[in-house]
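J.: here are the coordinates; sequence isn't available:
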């Protein structure tokens, strides 16, 4: 039997899993993924917000005739306007993601599928040394298959991840606030602080979905080795002793702990997983904990 982890993103079995996640999202998150849709603008929405004096040209159907019967005032009902949410998915496709990209694409597929089926606007990008469209900004269930096909065709590209530059590029293209989901190992040569600060200062809700290959987290090599940086291409000959291996493991832990501390301090959502974790278990966990908006 075929390994389910090797399924195409457009395979009917995979899409059935996405459907199940979407239904779970609708059941659990009614209002959470859409928490920021309410605006202070008044219009012909659903929930009553306020009254306004009737003016010539107003819709007479919005007059509250019960109020008129009590005090002979013509008042028009105003309602909160509900706007669609824009979901931005930033998927790291830099060379360090080589062993994690399949898992990362499934996470992106799940979240994008939920957004499109919820009739939210989805803007999806790959990030490495520059920001590039996965698919042009779209809305509606009819865009799910084109999104999955575009996502499936992605390969690692670029050189080192210029996260801050990519975040600035996103802001130059989009002014509307929304939910920004960054799917990455967050092993950025120049750090993540400036990029996350750029997104947060623009008023976005940010969620970091960090994915590691288990081999990232510790060093099992001992002896002489030729090391190449997958991001920058730098090369160095080293002799790895147990002390160096332990220092690597400690450095990785410190890096990840620093990301966790930064996100907690700034009110940014963060989940860390490995490429061995089942994508649907990860998404179900996010949904059951209340979603992506803190």
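T.: Now that the structure is in, tell me what you want to look at. Keep in mind that what you see is a predicted model, and the values were worked out from it rather than measured.

J.: Any stretches of the stretch 151-294 of the chain with poor pLDDT?
T.: 223-235, 290-294 (pLDDT under 70).

J.: Strands of this protein, residue ranges please.
T.: 38-53, 75-82, 86-92, 121-127, 131-139, 179-184, 205-212, 223-228, 235-240, 269-274 (DSSP state E).

J.: The fourth one vs strand 131-139, what angle?
T.: If I follow you right, that is strand 121-127. Going by axes from the mean of the first three to the mean of the last three CA atoms, to 10 degrees, strand 121-127 is angled at 170 degrees with respect to strand 131-139.

J.: other SSEs contacting strand 121-127?
T.: Using 3 or more CB pairs under 8 Å, 6 or more residues apart in numbering; DSSP states H and E, the elements in contact with strand 121-127 are strand 86-92, helix 101-117, strand 131-139, helix 144-152, helix 163-173. Placement of C-beta: from N, CA and C, glycine included.

J.: Summarise which helices and strands the longest helix along the chain is packed against.
T.: Identified as the longest helix of the chain according to DSSP state H is helix 242-266. Packed against helix 242-266 by the contact rule (3+ CB pairs under 8 Å, 6+ apart) you find helix 193-201, strand 205-212, strand 269-274.

J.: Return the most buried member of the ones you listed.
T.: For the helices and strands packed on helix 242-266, the largest average neighbour count (mean count of other CB atoms under 10 Å) is found in strand 205-212, namely a mean of 23.

J.: Out of the helices and strands packed on helix 242-266, which is closest to residue 169?
T.: helix 193-201 (9.9 Å; CB to CB).

J.: contact partners of the closest one?
T.: By CB atoms under 8 Å, 6 or more residues apart in numbering, the list of residues contacting helix 193-201 from outside reads 163-164, 166-168, 170-171, 180, 182, 188, 206, 208, 262-263, 266, 268.

J.: Give me the buried entries from those.
T.: The neighbour count (16 or more other CB atoms under 10 Å) marks 163-164, 166-168, 170, 180, 182, 188, 206, 208, 262-263, 268 as buried among these.

J.: Among the residues you listed, which one sits closest to residue 74?
T.: residue 180 (44.8 Å).

J.: can you pull the contacts of the closest one?
T.: 88, 90, 170, 199, 204, 205, 206, 207.

J.: show me the contacts for the third one.
T.: By CB under 8 Å, 6+ apart, the residues touching residue 170 are 88, 90, 125, 131, 180, 199.

J.: Could you give the bridge partners of the fourth one?
T.: Using DSSP bridges, the beta-bridge partners of residue 131 come out as residue 127.

J.: hang on, the earlier thing: and of the buried ones among the contacts of helix 193-201, the nearest to residue 98?
T.: residue 188 (15.7 Å).

J.: out of the helices and strands packed on strand 121-127, nearest to residue 215?
T.: Between those, helix 101-117 lies closest to residue 215; by CB to CB that is 13.4 Å.

J.: and the closest one, what does it pack onto?
T.: helix 12-28, strand 86-92, strand 121-127, strand 131-139, helix 144-152, strand 179-184, strand 205-212, helix 279-288.

J.: so can I have TSV of those showing distance to residue 159?
T.: Conversion of the helices and strands packed on helix 101-117 to TSV gives the following (distance: least, CB to CB, whole Å):
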stretch	distance to residue 159
helix 12-28	31
strand 86-92	13
strand 121-127	12
strand 131-139	14
helix 144-152	22
strand 179-184	15
strand 205-212	20
helix 279-288	27
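
J.: Tell me which of the ones you listed sits nearest to residue 253.
T.: Nearest to residue 253, of the helices and strands packed on helix 101-117 and by CB to CB, is strand 205-212 at 11.4 Å.

J.: Could you check how far the closest one is from the centre of its chain?
T.: 7 Å (CA atoms, centre = their mean, to the nearest Å).

J.: contact partners of that strand?
T.: By CB under 8 Å, 6+ apart, the residues outside strand 205-212 that reach it are 36, 100, 103-104, 107, 178-186, 196, 199-200, 256, 259, 263, 268-275, 282, 292-294.

J.: Which residue ranges make up each domain of the chain?
T.: 4-34+84-288, 38-82 (automatic domain parsing).

J.: Just name the most buried of those domains.
T.: domain 4-34+84-288 (a mean of 17).

J.: who's in contact with residue 168?
T.: Residue 168 neighbours (CB under 8 Å, 6+ apart): residue 198.
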